[in-house]
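Asks: Coordinates for the following, if possible.
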Amino acid sequence: MSNRFAAYVAIDWSGAKGRRHKGIAIAEARRDGPPRLVRPGQVWSREEVADWLLKRAGEEPTLFGFDFSFAPPFAERGAYLPGEVGVPHNARDFWAYVDARAPDEDLGAASFLEQVHRRHFYFGIADGVKADFVRFRACDARLNAQGGRKTASAYDAIGAAQVAKASFSGMRLLHRIAGRVAIWPMDPLPPTGSAVVEIYTRIYLRNAGLPGTKLRTRADLGRALRGLGSPPARLRFEPTDHQTDALVTAAGMRAHARDPRAFAPDGLTPQLARTEGWTFGIV
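Replies: Here you go, the predicted model:
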């Protein structure tokens with residue numbers, strides 16, 4: 001797959017409330033050369049990211065990666081929100097379900113967690129035992145078995161490391177772009193054109209031989225990129241951790257695409273593809 005795409009784009013996402021988000025960063029790695037930041041001075045809105053992606057997807061075959069869970073866990077309990085009536089049983093319809101019930105601005109989804117289905121999400125000790133809420137997908141379990149340390153759950157909505165709000169806002173984005181660009185593995189990888197995948201930066205840091213901690217200097221970033229066989233990024237400033245995540249992940253996606261198992265990982269079944277999805281980078 002090393003020549004399948006002209007570019008690999010990593011998008012460090014944000015589920016924060018509001019219309020513009022300093023936590024969003026975008027980086028691109030072409031078939032060779034150093035990764036670069038896309039519009040590094042811009043404070044993106046999520047809707048702008050969706051519009052930019054759709055335009056870019058039509059210009060050249062690009063693999064886009066987003067760092068949020070494309071669906072909640074399903075296989076373990078046979079449902080996304082056990083006990084609820086009318087909740088879909090496949091990812092694509094669940095995206096539409098979330099979008100219809102989250103009127104938050106700029107594709108936000110905080111109200112879905114905080115009001116619509118509050119009892120399924122952990123917001124603190126008042127909710128009870130955290131372990132009763134934390135569930136993982138099959139690909140997360142596979143990563144953990146390989147030593148990848150996937151610790152954040154889509155049902156955990158507390159603390160700086162939580163991914164719930166980012167994931168559910170991301171599902172609204174996926175609903176917006178569905179049918180206009182392939183979303184793997186919910187869609188099969190098309191023989192030509194662009195595609196969207198789920199990413200997890202820690203995988204690529206691990207592939208680079210580094211621990212999964214945040215990178216906040218050009219020197220740390222350079223070490224990670226060297227470990228991935230990439231030329232160093234050309235930066236004239238110290239990057240934020242969002243920017244380093246995007247740069248490392250773009251280079252990591254490019255390196256991982258050379259693996260013949262990249263889009264055919266062990267353990268990915270048609271049922272998992274429809275319901276839970278899979279993280280690009282876990283094989």
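Asks: Would you tell me what the next helix or strand after the longest helix along the chain is?
Replies: Counting by DSSP state H, the longest helix found in the chain is helix 241-256. Going down the chain from helix 241-256, the next helix or strand is helix 270-275, by DSSP states H and E.
Asks: Name the residues that touch that next one?
Replies: For helix 270-275, contacts defined as CB atoms under 8 Å, 6 or more residues apart in numbering pick out 71, 74-75, 89-92, 137-139, 185-186, 278. Glycine gets a C-beta too; all of them are placed from N, C-alpha and C.
Asks: Could you list the low-confidence segments of the stretch 151-283 of the chain?
Replies: 160-161 (pLDDT under 70).
Asks: R19 - how many residues pack around it?
Replies: By the criterion of other CB atoms under 10 Å, R19 has 12 neighbours.
Asks: Without its sequence neighbours, what residue ends up closest to it?
Replies: Nearest non-adjacent residue to R19, counting by CB to CB, 6 or more residues apart in numbering: D106, 4.8 Å away.
Asks: one step back: ChimeraX command for the buried members of the contacts of helix 270-275?
Replies: Here is the ChimeraX command that selects the buried residues among the contacts of helix 270-275 (16 or more other CB atoms under 10 Å):
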select :71,74,90,91,92,137,138,139,185,186,278
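Asks: Could you list which of the contacts of helix 270-275 belong to helices?
Replies: Counting by DSSP H, the part of these found in helices is A91, R92, A138, C139.
Asks: okay, the spatially most central residue of the chain: pLDDT?
Replies: Centre of the chain computed as the mean C-alpha position; nearest residue by CA atoms, centre = their mean is D67, 2.2 Å away. Per-residue confidence at D67 stands at 95 (pLDDT).
Asks: which residues does it contact?
Replies: With the criterion set at CB under 8 Å, 6+ apart, D67 makes contact with A10, I11, D12, W13, A166, E198, I199, Y200, T201, D245, T249.
Asks: helix or strand for the second one, which one?
Replies: In other words, I11. Per DSSP H and E: I11 is located in strand 7-12.
Asks: to the chain's geometric centre, what's the distance from that strand?
Replies: What separates the centre of strand 7-12 from the centre of its chain is 10 Å, taken as CA atoms, centre = their mean, to the nearest Å.
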